[in-house]
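>>> need coordinates for the below:
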Amino acid sequence: ISVAKIRDNGLAARSGIRVGDRVQEINGVSMENKSSSDAANLIRESHGDVIITAMSVEEIFSEMEVEEDVTEKGNKWFPDEAALSSFPLGFVVVVLQVVAAYVIFTYFDYGSVGDFTTQQYIIYRDIMVMLLLGFGYLMTFLEKYGLGAVGFTMLLTVLNMECNLLMEGYFTNNFTISMDSIINAEFSAAALLISFGALIGRASPLMMVMISIVEALFYAINKVYIVFGHINAEDVGGTITIHMFGAYFGLACASTLGPLKKEFASNNSASRVSDVFSLIGTTLLWVYWPSFVGATETGVPANEMHCLNNTIMALIGSTGATFLLSQYLNEGKFDAVHVQNSTL
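Residues are numbered from 1 along each chain as shown. The predicted model follows:
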């Protein structure tokens, strides 16, 4: 309430109250959200002295200047986080596209037409469904990151595949663009998305783009020089090169970020909707997992048959065991987290 009019030589004028002053309290009663009639009634009902607390015009203007100054400084020094990171993120993506385009057009060539089969494209398609839809929807288990999980999975996948084509091609001295090299790049992206599961909600988009580039480098080194080179392992299904590497790389990155702060703990919550979408991802991964495991054995029909049959039977067994143990460990109820992960 502001003072609109004062009688000359009246009690209020002699007490120092002026037109424009803001009345804050009358006899200890706050005037916030009160009308002028409420103030008048309080004064009429008062017996004895009337104590009015008011803020002068100068104090009002001084307070307004301070608020404007704080707002300007806040806008200057603390801009929106998304706007702050948009330029470096876009810059990294553009630079990577330019470098990849230059290297591919300069040093790479197409593979032999005689080596191409439609079966290779079917495998590529099945794995890509796993990456974009399977992993994408599986990552929606956090209700606040569902949109970013599905959308950002696509960006991370293509960036990591580009980097793998360059790095694995350099390490193996195989500068060809073929269905085999593209499927190998998909395996690298699968390792990244496994790591993403440990980082979603923790790492910013810029961090994840940088991690996708760095992980492609270490994935190629681990695969070419350590697993297939030094150890000379036969890693059908990518147990060592994809699953173990992706899991440990993601845990290492999460450890580097440090423990989760208490004020952000609520970001890890799930909801019925997020669990349903995550189960869709689990179902897609479940259906296409045999193609993923048998992708490297298409040249030997007996090996491919055993990969497919054994993977299907393993999935059937793990699904039955998951539902049995989930109900047993949760007092008769099924846990969505168990079903989303342990069935695979």
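>>> report the separation between S56 and Q24.
11 Å (Cβ to Cβ, to the nearest Å). From N, CA and C alone the C-beta is placed, and that goes for glycine too.
>>> residues making contact with stretch 329-340?
The contact list for stretch 329-340 (Cβ atoms under 8 Å, 6 or more residues apart in numbering) reads 138, 141, 270, 275, 278-279, 281-282, 322-323, 325-327.
>>> now, of these, which are buried?
By neighbour count, with 16 or more other Cβ atoms under 10 Å, the contacts of stretch 329-340 hold L138, F141, A270, D275, S278, L279, G281, T282, T322, F323, S326 as buried.
>>> now render the residues you listed as JSON lines, adding secondary structure.
Listed next are these as JSON lines, based on DSSP: H, G, I helix; E, B strand; the rest coil:
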{"residue": "L138", "secondary structure": "helix"}
{"residue": "F141", "secondary structure": "helix"}
{"residue": "A270", "secondary structure": "coil"}
{"residue": "D275", "secondary structure": "helix"}
{"residue": "S278", "secondary structure": "helix"}
{"residue": "L279", "secondary structure": "helix"}
{"residue": "G281", "secondary structure": "helix"}
{"residue": "T282", "secondary structure": "helix"}
{"residue": "T322", "secondary structure": "helix"}
{"residue": "F323", "secondary structure": "helix"}
{"residue": "S326", "secondary structure": "helix"}
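>>> in JSON lines, list those residues along with pLDDT.
Shown next, in JSON lines, are the buried ones among the contacts of stretch 329-340 (pLDDT from 0 to 100):
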{"residue": "L138", "pLDDT": "87"}
{"residue": "F141", "pLDDT": "83"}
{"residue": "A270", "pLDDT": "79"}
{"residue": "D275", "pLDDT": "87"}
{"residue": "S278", "pLDDT": "90"}
{"residue": "L279", "pLDDT": "91"}
{"residue": "G281", "pLDDT": "91"}
{"residue": "T282", "pLDDT": "92"}
{"residue": "T322", "pLDDT": "93"}
{"residue": "F323", "pLDDT": "92"}
{"residue": "S326", "pLDDT": "90"}
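>>> tell me which element the residue lying closest to A247 once chain neighbours are set aside falls in.
Nearest residue to A247, sequence neighbours excluded (Cβ to Cβ, 6 or more residues apart in numbering): I194, at 5.7 Å. Following DSSP states H and E, one finds I194 within helix 179-196.
>>> how far out from the middle of the chain is that helix?
Between the centre of helix 179-196 and the centre of its chain there are 19 Å (Cα atoms, centre = their mean, to the nearest Å).
>>> tell me which helix or strand comes right after that helix.
Downstream of helix 179-196, the first helix or strand assigned by DSSP H and E is helix 205-221.
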